[in-house]
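S.K.: Mind folding the following:
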Amino acid sequence: MIEPAELFARITGQLEDLHGIAVEGQRANLSPDENCVYADQISNGLQNIGEVVRILCLENGSNS
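M.R.: Next comes the predicted model:
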């Protein structure tokens, strides 16, 4: 069993990474392809966070 604090630390790290991607995506004059890459990275990152949340809830006996 992974400790909840470790799972929250993973979520925090992933959110920090996504923040950096979001900041990069705000740069002026990005090409449509670059916009798509940043958006895809954010989408994938959010899905990864969702998986960590599911693990956290399952390991702590919640069905949320």
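S.K.: Relative to Q14, how far out is the residue lying closest to E24 once chain neighbours are set aside?
M.R.: Excluding the flanking residues, the one nearest E24 by CB to CB, 6 or more residues apart in numbering is Y38, at 6.2 Å. Quick note: C-beta positions are derived from backbone N, CA and C, even for glycine. Using CB to CB, to the nearest Å, Y38 is found at 15 Å from Q14.
S.K.: tally of neighbours for the residue nearest to E24?
M.R.: Y38 has 18 neighbours, counted by other CB atoms under 10 Å.
S.K.: Just the pLDDT for it.
M.R.: Y38 carries a pLDDT score of 98 in this model.
S.K.: do you know how far it is from E59?
M.R.: Applying CB to CB to Y38 and E59 gives a distance of 32 Å.
S.K.: Which elements pack onto the longest helix along the chain?
M.R.: If you go by DSSP state H, the chain has its longest helix at helix 32-59. For helix 32-59, the packing partners by 3 or more CB pairs under 8 Å, 6 or more residues apart in numbering; DSSP states H and E come out as helix 4-25.
S.K.: Which strands or helices does the helix it packs on pack on?
M.R.: Using 3+ CB pairs under 8 Å, 6+ apart: helix 4-25 touches helix 32-59.
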